[in-house]
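Asker: predicted model and sequence below, questions to follow.
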2 protein chains.
Amino acid sequence: MKVFHAVNEIVEWRKAQVGVFHKKIGFVPTMGCLHEGHLELVRKCKTNNDVTVVSIFVNPSQFAPTEDLDKYPRTLEQDLSVLEAAGVDACFAPSPREMYPQGISLEIDQQRGPFVTVLGVSEQLEGRTRPNFFRGVATVVTKLLNIVSPAVAYFGQKDIQQFIVLKVMTEELFMNTQIEMLPIVRDARGLALSSRNRYLCDESRAVSTAIYRGLNAAAAKVAEAAQTDGQIERETVIQAAMACWQPLVESRDFHIDYVSVAEGNNLTEMDPVTTQAADVVISCAIFVTDRHDPATVVRLIDNVIVPRCM
Amino acid sequence: MKVFHAVNEIVEWRKAQVGVFHKKIGFVPTMGCLHEGHLELVRKCKTNNDVTVVSIFVNPSQFAPTEDLDKYPRTLEQDLSVLEAAGVDACFAPSPREMYPQGISLEIDQQRGPFVTVLGVSEQLEGRTRPNFFRGVATVVTKLLNIVSPAVAYFGQKDIQQFIVLKVMTEELFMNTQIEMLPIVRDARGLALSSRNRYLCDESRAVSTAIYRGLNAAAAKVAEAAQTDGQIERETVIQAAMACWQPLVESRDFHIDYVSVAEGNNLTEMDPVTTQAADVVISCAIFVTDRHDPATVVRLIDNVIVPRCM
């Protein structure tokens, strides 16, 4: 596996792959700390492309000054072994200065250089708690797609709003990359895999499996309504999830940041809820307080999709 | 000459040019109403590339609600004849809806979709009078470069801040297009060619030739200092220009919007002024009131570059 740290080196390599060897490039952008969810993306990428490129870059511009940029887990050596074993062709692991030639401050008003915002799908849900998060994501993905120029790039459903933001971005900026979303990978108990899970003790991870049970209960209400009345009150859907979560709110394990029942194409909240016009995305963010170290509070996100059904 | 109105049609054509016929594509983006300045870009493009593509698109997102979007001159039929005669291979003339699939409001808070901002070089000079102008330019040029995917794109020096914004954008987003700036084309009397000149009567165009004389007088001071002391007071440079303009300010032909003496790489204002570190760009925007129709006020811009000289 080739490992590149410099933009110009991977660009040169990529030009040969496409221009000389006529390879179809598939791409999996990551922030490292790889888990089985990332490896699912890698496997799909390898199946559908001639050459697989993975990037590992903890992108400063998507972190707020108050967030966990410094303590975000970085496990580059281990990640490279995992990617090598998975048969990845090239890994791009640049420094922040390489990706942001003028440097990158976490303070917006000190930033210099080009930034991409996607209006209409960035402000709600994750964007409410993290106002510049998707601006950072859209900016770094634009840079990475221009550097790697893949035919296809793969993203996980766990960050579904990220996928929708990037879908709108790539389509409406007319980028020459298709983007694909692959299903969430979960542990045996149903917890969505996430690099941040490791901040929690095993007991709290077990408690956190209630997140998925709540979303499934809500999804069942929507699916049931699709078979009968065609629509259902938003409050009934949310209450189905809350019934699973309320005991954990009371025990102070959970603090609910948001729960959303939205149209899948534009993340507009629905009331009543119906699958007649679009997929329905039921998503949430929950702060989980660690049972063994109550100073550790981890914000987990998860979602389920109820497919459009006319 | 091929004329395309749909994104998918020109993308398909371009893929064949590059992928099948291995042509090097050069690109000249314009807002139409073509003059000799545009044709200089076209000629250079034809000389240095296998295939020349010109776009004609009056981009709504770079106009403020108060500006001249509706009355901006549109002369598509004539422009197409001119491009055909110039030996252009393809012209891309999309509708606003084609370029902005969700529509495009001039009111920022009603806009939806992806937008590109370039922090640090967009806020000063033109950006002070037109706060979202360069956001509009950067966004539409990103879309056009993704659609046409040229090896090189050509821009005129008249819009020098635009060039600097796009230079930073393409370099720091790692776009796969080189951008080049070509010198200003002037009429026989020295007035920089501009689509907006036609708003003025011939007498006022003659009066406006003082703009260039003022800039040259200022540039002479900087060049002279470079040969002697190496630096000069900013105020002395500006006064050299103002000496040419003051009579026209007093006659109410001119209202000076700004005059700038800035570093060429980042448009930071200089005091004292020296050519030791970078090119010096002396630029201005002047509102010219038409002598025959005083209700007509046209904002003209112009600039001269004093090259770096250590």
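Answerer: Nice, I can see it. Just so it is clear, the model here is predicted, and its values are computed rather than measured.
Asker: which element, helix or strand, includes A:His38?
Answerer: A:His38 belongs to helix A:36-48 when assigned by DSSP states H and E.
Asker: now do that helix: distance to the chain's middle.
Answerer: Remark: helix A:36-48 is offset 15 Å from the chain centroid, using Cα atoms, centre = their mean, to the nearest Å.
Asker: and it, which residues are buried?
Answerer: Counting neighbours by 16 or more other Cβ atoms under 10 Å in any protein chain shown, one finds that the buried residues in helix A:36-48 are A:Gly37, A:His38, A:Leu39, A:Glu40, A:Leu41, A:Val42, A:Arg43, A:Lys44, A:Cys45, A:Lys46. (C-beta placed from N, C-alpha, C; glycine too.)
Asker: do I have it right that the third one meets A:Val82?
Answerer: It stands for A:Leu39. Yes: here A:Leu39 lies in contact with A:Val82, judged by Cβ atoms under 8 Å, at a distance of 7.3 Å.
Asker: for chain B, see how far away A:Lys71 is.
Answerer: A:Lys71 sits 27 Å away from chain B, taking Cβ to the nearest Cβ, to the nearest Å as the criterion.
Asker: and the buried residues of helix A:36-48 as JSON lines, adding pLDDT?
Answerer: JSON lines is the format used below for the buried residues of helix A:36-48 (pLDDT from 0 to 100):
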{"residue": "A:Gly37", "pLDDT": "96"}
{"residue": "A:His38", "pLDDT": "97"}
{"residue": "A:Leu39", "pLDDT": "98"}
{"residue": "A:Glu40", "pLDDT": "97"}
{"residue": "A:Leu41", "pLDDT": "98"}
{"residue": "A:Val42", "pLDDT": "98"}
{"residue": "A:Arg43", "pLDDT": "98"}
{"residue": "A:Lys44", "pLDDT": "98"}
{"residue": "A:Cys45", "pLDDT": "98"}
{"residue": "A:Lys46", "pLDDT": "98"}
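Asker: what pLDDT is listed against the nearest residue to A:Arg252 once chain neighbours are set aside?
Answerer: Leaving out its chain neighbours, the residue that sits closest to A:Arg252 by Cβ to Cβ, 6 or more residues apart in numbering or on different chains is A:Thr289, at 6.1 Å. Model confidence at A:Thr289, given as pLDDT, is 98.
Asker: what's the burial count for A:Thr289?
Answerer: 19 (other Cβ atoms under 10 Å in any protein chain shown).
Asker: can you pull the contacts of it?
Answerer: By Cβ atoms under 8 Å, 6 or more residues apart in numbering or on different chains, the residues touching A:Thr289 are A:Ser204, A:Arg252, A:Asp253, A:His255, A:Thr296, A:Val297.
Asker: in helices, which of these fall?
Answerer: A:Ser204 (DSSP state H).
Asker: from the contacts of A:Thr289, which single one is nearest A:Glu77?
Answerer: Comparing the contacts of A:Thr289 against A:Glu77 with Cβ to Cβ places A:Thr296 closest, at 25.1 Å.
Asker: the closest one contacts A:Asn197, doesn't it?
Answerer: No: counting by Cβ under 8 Å, A:Thr296 stays clear of A:Asn197, with 11.9 Å between them.
Asker: that older thread, would you mind writing the CA trace of the helix holding A:His38 as CSV?
Answerer: The C-alpha trace of helix A:36-48 is given here as CSV (Å, rounded to 0.1, in the frame of the first residue of the first chain):
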residue,chain,number,x,y,z
GLU,A,36,-15.7,-2.3,11.2
GLY,A,37,-18.0,0.5,9.8
HIS,A,38,-15.1,2.0,7.8
LEU,A,39,-14.0,-1.5,6.7
GLU,A,40,-17.4,-2.2,5.2
LEU,A,41,-17.0,1.0,3.1
VAL,A,42,-13.5,-0.2,2.1
ARG,A,43,-14.8,-3.7,1.1
LYS,A,44,-17.6,-2.2,-1.0
CYS,A,45,-15.1,0.2,-2.6
LYS,A,46,-12.7,-2.6,-3.5
THR,A,47,-15.6,-4.7,-5.0
ASN,A,48,-16.7,-1.9,-7.3
